[in-house]
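Student: Predicted model follows, preceded by the sequence.
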Amino acid sequence: MKARVLPADEFLLLALALVVAPHAVHLQPWVVPLAAVMGLWRWAAGRGRAGLPGKWFLAAMAVSALAGILLSHGTLFGRDAGVALLTLLGGLKLLELRGYRDALILVFLGYFLVATNFFFSQSVFIAVYMLAATLAMTTVLVGINHPGGERHWRVHLRLAGRMLAQAVPVMVVLFVLFPRLPGPLWGMPADSRSSMTGLSDEMSPGSISQLSRSNAVAFRVEFQGALPKTSALYWRGPVMWFFDGRRWKAGFFGRSATLRYTALSGPVNYTVTLEPHNKPWLFALDLPAVTPERARITPDFQVLSARPVAHRERYAMTSYLDYRTDGLTSLERRWSLLLPGEGNPRTRELGREWRGQLRDPAAVAARALRFYREETFAYTLSPPLLLSADPVDEFLFGSRKGFCEHYAGSFVVLMRAAGIPARVVTGYQGGEFNALGGYLTVRQSDAHAWAEVWLEGRGWVRVDPTAAVSPTRVESGIAAALPAPDPIPGFLKRDSPWLQNLRFGLDFLNGGWNLWVLSYNQERQMQLLARLGFGLASWREMAAGLLAGVAGLLAAFSFFMLRDRARARPDPASRAYRRFCKGLAKVGLERRPEEGPLDFAARVAAARPDLKPAAEEITALYVDLRYGPGAGDLAELRRRVGAFRP
């Protein structure tokens with residue numbers, strides 16, 4: 001079957017390709033390539049190199065696509081399955097594209113697919129890219145609706161650009177004044193959270209080393225005052241109490257705690273902008289001294305939100321970097337000495353041996369650090385798997401290659417074996433200062449684990465055994481600490497200053513976008529309106545302000561468009577034709593408002609056969625100049641109108 005070629009076919013294919021391309025990294029690996037094959041098939045059909053499939057073949061392809069999505073996702077609903085379904089349906093629609101209606105459906109489907117890209121990412125880069133894709137789709141829409149659809153695509157592109165530019169003021173008014181809801185306008189299923197990365201309430205060998213390969217931003221921090229030393233930047237997260245021989249698990253505290261501590265240094269004030277991670281914990285420097293709004297602090301000094309952090313959170317904090325804690329409850333003592341009934345016998349024996357030699361718990365902890373420092377331990381992002389039934393023994397006396405979770409976990413087992421209360425703390429350590437924005441960026445690659453031991457008279461004392469093996473980890477970051485043979489992820493490399501500056505600039509841009517656009521919630525909306533002097537306190541007042549603002553903009557647009565149209569002078573061909581019509585009006589042949597040039601010429605010829613040749617020649621010249629694709633002969637039109645005598 002031969003395909004009917006529409007003027008905008010190829011630009012429509014290009015626009016749809018722009019919209020669908022980002023989904024190649026989100027959807028199942030077969031979805032976007034299959035849609036691309038359908039697009040290439042349509043392109044070949046439009047050029048006469050292939051025929052379009054029949055309806056039975058299309059029906060079979062549609063059933064196969066549905067079956068593939070159902071097998072890949074187990075459902076036809078949800079974010080991933082739904083977007084995959086729309087993408088493949090768009091490809092199938094291309095294979096039955098034969099007229100204006102089909103093209104219009106594809107354009108509207110393209111607009112909807114633009115919105116689906118924000119289900120996966122809302123970064124400023126995706127926003128700019130989708131703006132370009134929207135411009136391309138609007139260009140196609142202009143082209144298929146333009147009476148001169150065969151005109152060059154640049155003409156349609158300029159018109160589409162003007163239309164989008166005129167929509168910007170309305171968009172700004174809607175963004176600023178549209179009432180903000182506490183949550184999203186739609187509820188996304190669980191797969192919308194599947195790509196979130198972050199710390200867990202469990203820790204096992206390799207869990208944090210895998211997380212450290214991610215370049216995702218965990219949070220950004222703005223300090224009020226001087227930036228503390230990198231070695232002091234321990235961002236506290238889940239605290240691990242329970243060990244089953246291989247995995248560590250966090251404790252459960254259903255109540256808030258009144259922290260008992262003595263500050264030994266001045267307060268550090270800062271503001272955290274936390275990325276969503278779908279867990280309840282908020283991160284703060286050791287030791288958090290305040291509780292953010294709608295949050296609480298547990299007895300093990302972890303800050304917890306009242307609900308999982310599913311959206312970007314911004315909160316102010318105060319911490320003390322030097323402190324002494326007070327009080328160890330019987331429950332905490334019991335938890336911090338727990339070990340499985342059996343397993344890792346060599347580690348247990350070593351801990352008991354040290355305690356027998358050194359009665360002071362602080363001396364035992366120092367002996368353990370010397371053990372890590374003096375033996376052949378190595379800090380690596382790719383430690384060997386610990387497959388034996390005694391993984392701590394295998395690490396301490398076998399592989400001796402590990403990441404922070406290996407060192408923190410084994411150290412706590414040694415301390416508990418020696419009868420010293422100890423626990424594992426996970427979180428982040430360090431961060432990267434962005435001089436352009438004046439803030440610290442903490443990424444998932446900064447994930448870290450350390451230990452705390454209870455020492456009488458000092459309370460819980462931080463001990464970082466990783467620093468004993470690789471001091472540069474806490475002083476200069478993970479990139480400086482990894483040994484030369486280890487493959488360093490590209491985003492951790494600091495070899496090129498200009499690339500680093502570019503990365504800082506992009507992060508600053510994305511951070512500003514997150515802060516001022518994506519985090520524009522109900523509270524920030526009220527604050528902005530108050531600063532602008534608008535006392536819009538209720539939804540009714542905001543709705544009225546929204547309607548007034550949009551109506552004012554539409555009125556302004558209408559005024560300028562009508563004024564420009566009133567001032568616009570007709571083109572030379574139209575002015576010549578008007579003189580021709582005025583001459584006929586003098587003899588009783590006045591052109592009616594709804595009458596086209598050809599119909600008027602036919603009526604003149606019927607009423608005055610003697611004027612038929614001249615009227616038809618003048619009309620043909622005018623139609624060619626005004627509506628035809630050619631340049632026409634304006635001078636000839638003017639000459640004939642000047643010589644015309646009714």
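Tutor: Sure thing, it's come through. Source: prediction; values computed, not measured.
Student: where do the helices sit along the stretch 501-646 of the chain?
Tutor: In the stretch 501-646 of the chain, the helices defined using DSSP state H, counting those that start in this stretch lie at 522-531, 539-567, 572-585, 597-607, 612-626, 634-643.
Student: Which positions within the last one qualify as buried?
Tutor: Meaning helix 634-643. 637, 638, 640, 641 (16 or more other Cβ atoms under 10 Å). C-betas here are computed from N, CA, C, even on glycine.
Student: Just give the closest residue to the second one, not the sequence neighbours.
Tutor: If you skip the residues right next to it in sequence, residue 638 has residue 576 as its closest partner in space, 5.2 Å away by Cβ to Cβ, 6 or more residues apart in numbering.
Student: I'd like the distance from that neighbour to residue 594, if you could.
Tutor: Distance, residue 576 to residue 594, by Cβ to Cβ, to the nearest Å: 22 Å.
Student: These two - which one has more neighbours?
Tutor: Of the pair residue 576 and residue 594, residue 576 is the one with more neighbours under other Cβ atoms under 10 Å, namely 21 against 6.
Student: what does the model give the more buried one for pLDDT?
Tutor: Per-residue pLDDT puts residue 576 at 88.
Student: Wait, a strand at residue 236?
Tutor: Yes: counting by DSSP: H, G, I helix; E, B strand; the rest coil, residue 236 falls inside a strand.
Student: just checking, it touches residue 286?
Tutor: Yes: counting by Cβ atoms under 8 Å, residue 286 is a contact partner of residue 236 at 5.2 Å.
Student: which residues does the residue nearest to residue 638 contact?
Tutor: Residue 576 makes contacts with 622, 634, 637, 638, 641, as judged by Cβ atoms under 8 Å, 6 or more residues apart in numbering.
Student: can you check residue 460 too?
Tutor: The contact partners of residue 460, by Cβ under 8 Å, 6+ apart, come to 301, 325, 452, 453, 454.
Student: again, 10 Å this time
Tutor: Residues near residue 460 by Cβ atoms under 10 Å, 6 or more residues apart in numbering: 239, 261, 286-287, 300-301, 323-328, 332, 336, 421-423, 425, 452-454.
Student: Over to residue 446?
Tutor: Residue 446 makes contacts with 211-212, 218-219, 233, 235, 427-432, 477-478, as judged by Cβ under 10 Å, 6+ apart.
Student: If we use 7 Å, what do you get?
Tutor: 428, 429, 430, 431, 478 (Cβ atoms under 7 Å, 6 or more residues apart in numbering).
Student: Give me the subset of those lying in strands.
Tutor: 428, 429 (DSSP state E).
Student: In the contacts of residue 446, which has the lowest confidence score?
Tutor: Among the contacts of residue 446, residue 478 carries the lowest pLDDT, at 65.
Student: What number of residues are in the vicinity of residue 322?
Tutor: Residue 322, neighbours per other Cβ under 10 Å, totals 12.
Student: Tell me which helix or strand the closest residue to it other than its chain neighbours sits in.
Tutor: Among residues not flanking residue 322 along the chain, residue 265 sits closest, at 3.7 Å (Cβ to Cβ, 6+ apart). Counting by DSSP states H and E, there is no helix or strand that carries residue 265.
Student: Same check on residue 304?
Tutor: Element membership of residue 304 [criterion: DSSP H and E] is strand 303-305.
Student: which helices and strands sit right next to that strand?
Tutor: strand 281-282, strand 295-297 (3 or more Cβ pairs under 7 Å, 6 or more residues apart in numbering; DSSP states H and E).
Student: buried ones in the following helix or strand past it?
Tutor: Using DSSP H and E, the helix or strand that follows strand 303-305 in sequence is strand 313-320. Within strand 313-320, the residues scored as buried using 16+ other Cβ under 10 Å are 313, 314, 315, 317, 319, 320.
Student: any idea how far the residue nearest to residue 638 lies from residue 418?
Tutor: 105 Å.
Student: that older thread, from residue 358, how far off is the residue nearest to residue 638?
Tutor: From residue 576 to residue 358 the distance is 109 Å (Cβ to Cβ).
Student: Residue 124 now?
Tutor: From residue 124 to residue 358 the distance is 56 Å (Cβ to Cβ).
Student: who touches the residue nearest to residue 322 in this structure?
Tutor: Taking Cβ under 7 Å, 6+ apart, we find residue 265 in contact with 320, 321, 322.
Student: 10 Å - rerun?
Tutor: By Cβ under 10 Å, 6+ apart, the contact list for residue 265 reads 228, 232, 319, 320, 321, 322, 323.
Student: From these, pick the one nearest residue 116.
Tutor: For these, the closest approach to residue 116 (Cβ to Cβ) belongs to residue 319, at 40.9 Å.
Student: List the beta-bridge partners for the residue nearest to that closest one when sequence neighbours are not counted.
Tutor: The shortest distance from residue 319 to any non-neighbouring residue, by Cβ to Cβ, 6+ apart, is to residue 285 (3.9 Å). Judged by DSSP bridges, the bridge partners of residue 285 are residue 235.
Student: Show the average pLDDT along stretch 439-450.
Tutor: Average pLDDT, stretch 439-450: 91.
Student: Quick one: end-to-end length of that stretch, please.
Tutor: From its first residue to its last, stretch 439-450 covers 25 Å (Cα to Cα, to the nearest Å).
Student: if we can go back for a sec, anything in contact with each of residue 236 and residue 286?
Tutor: Residues touching both residue 236 and residue 286 by Cβ under 10 Å, 6+ apart: 301, 319, 425, 427, 450, 462.
Student: Does the first one touch residue 258 like I think?
Tutor: No: counting by Cβ atoms under 10 Å, residue 258 is not a contact partner of residue 301; they are 11.7 Å apart.
Student: ok, those two, which is more surrounded?
Tutor: Counted by other Cβ under 10 Å, residue 301 and residue 258 do not tie: residue 301 has more neighbours, with 20 against 7.
Student: For that one, give me its contacts.
Tutor: Contact analysis of residue 301 by Cβ under 10 Å, 6+ apart lists 236, 239, 257, 259, 261, 284, 286-288, 323, 325, 425, 452, 460.
Student: For the helices and strands packed on strand 303-305, could you give me CSV that also reports mean neighbour count, distance to residue 83 and mean pLDDT?
Tutor: Compiled in CSV, those are given as follows (neighbours: other Cβ atoms under 10 Å; distance: least, Cβ to Cβ, whole Å; pLDDT from 0 to 100):
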stretch, mean neighbour count, distance to residue 83, mean pLDDT
strand 281-282, 25, 30, 92
strand 295-297, 20, 34, 90
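Student: looking at those strands, which is closest to residue 404?
Tutor: strand 281-282 (18.0 Å).
Student: who does that closest one touch, helix- and strand-wise?
Tutor: If contacts are counted by 3 or more Cβ pairs under 10 Å, 6 or more residues apart in numbering; DSSP states H and E, strand 281-282 sits against strand 234-243, strand 267-274, strand 295-297, strand 303-305, strand 313-320.
Student: any idea how far the residue nearest to residue 303 when sequence neighbours are not counted lies from residue 236?
Tutor: Leaving aside its chain neighbours, residue 303 sits nearest to residue 282 (4.3 Å; criterion: Cβ to Cβ, 6+ apart). Per Cβ to Cβ, residue 282 is found 10 Å from residue 236.
Student: hey, what's in contact with both of the two?
Tutor: Residues touching both residue 282 and residue 236 (Cβ under 10 Å, 6+ apart): 288, 302, 303.
Student: Could you dump these into TSV and include distance to residue 93?
Tutor: Listed next are the shared contacts of residue 282 and residue 236 as TSV, based on distance: Cβ to Cβ, whole Å:
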residue	distance to residue 93
288	55
302	52
303	51
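Student: so which of these is the most crowded?
Tutor: Highest neighbour count within the shared contacts of residue 282 and residue 236, by other Cβ under 10 Å: residue 302, with 25 neighbours.
Student: With that, I have no additional questions.
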